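**Q** What would the 3D arrangement of this be:
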Amino acid sequence: MSRALPHPLLSLILLGLWLLLVNELSIAHLLLGAVLGWAVPLYTARFWPEAVTVHRPFVLLRFALVVLYDIVVANVTVARLILGATDRLKPAFVVMPLEVRSEVAISLLANTISLTPGTVSTFVSADRRCLVIHNLHTTDEETMVATIRERYERPLKEALEPC
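**A** This next block holds a predicted model:
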């Protein structure tokens, strides 16, 4: 079963995304979305560094909602910063020690940070213990790291890594 459907959760997500993109619920789009949801994970399975096991799917769902909310709030914040006096900006590179260890969790964390306007993940150390983040406006590095850890890293660790 796992060879024919290597990532069932991803397949369902891809089906849902396809239906959202086409904005039409029909048999043809359901079938096409199902084929895409099956084929994409099947043909990309060899590129995945490790098997992904979601231990707590509802934590992952809550994480996605938090990220969506943070993206909206960050868009407004960045717009205010850019449209205001840019000489007040305090950009900085911040080193964040990582608690997550799996490559999938580190990748999701780095991508989540980059998706949020105003922040970009720039570098992961070779030993996968630190992540370097560029922030558009940093007043307190420790608070920024604590916020990222609480809102993003902890739920990813809880959902994707065994206890």
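**Q** list the contacts for the residue positioned nearest the centre of the chain?
**A** Closest to where the C-alpha atoms of the chain average out (Cα atoms, centre = their mean) is residue 112, at 3.4 Å. The contact partners of residue 112, taken as Cβ atoms under 8 Å, 6 or more residues apart in numbering, are 67, 152. All C-beta atoms are positioned from the backbone trio N, CA, C, and that covers glycine.
**Q** Check for me that it belongs to a helix.
**A** Yes - under DSSP: H, G, I helix; E, B strand; the rest coil, residue 112 falls within a helix.
**Q** mind checking how far it is from residue 33?
**A** Distance of residue 112 to residue 33, given as Cβ to Cβ, to the nearest Å: 25 Å.
**Q** The least confident helix or strand in the chain by mean pLDDT - contacts with which helices or strands?
**A** Least confident helix or strand, the chain: helix 8-22 with a mean of 89, by mean pLDDT, DSSP states H and E. With contacts taken as 3 or more Cβ pairs under 8 Å, 6 or more residues apart in numbering; DSSP states H and E, helix 8-22 sits against helix 27-44.
**Q** which residues sit against the helix it packs on?
**A** With contact meaning Cβ under 8 Å, 6+ apart, helix 27-44 is reached by 4-7, 10-16, 18-19, 22.
**Q** Going through these, which ones are buried?
**A** Among the contacts of helix 27-44, the ones that count as buried by 16 or more other Cβ atoms under 10 Å are 6, 7, 10, 11, 14, 15, 18, 19.
**Q** what helix or strand is residue 82 on?
**A** helix 57-83 (DSSP states H and E).
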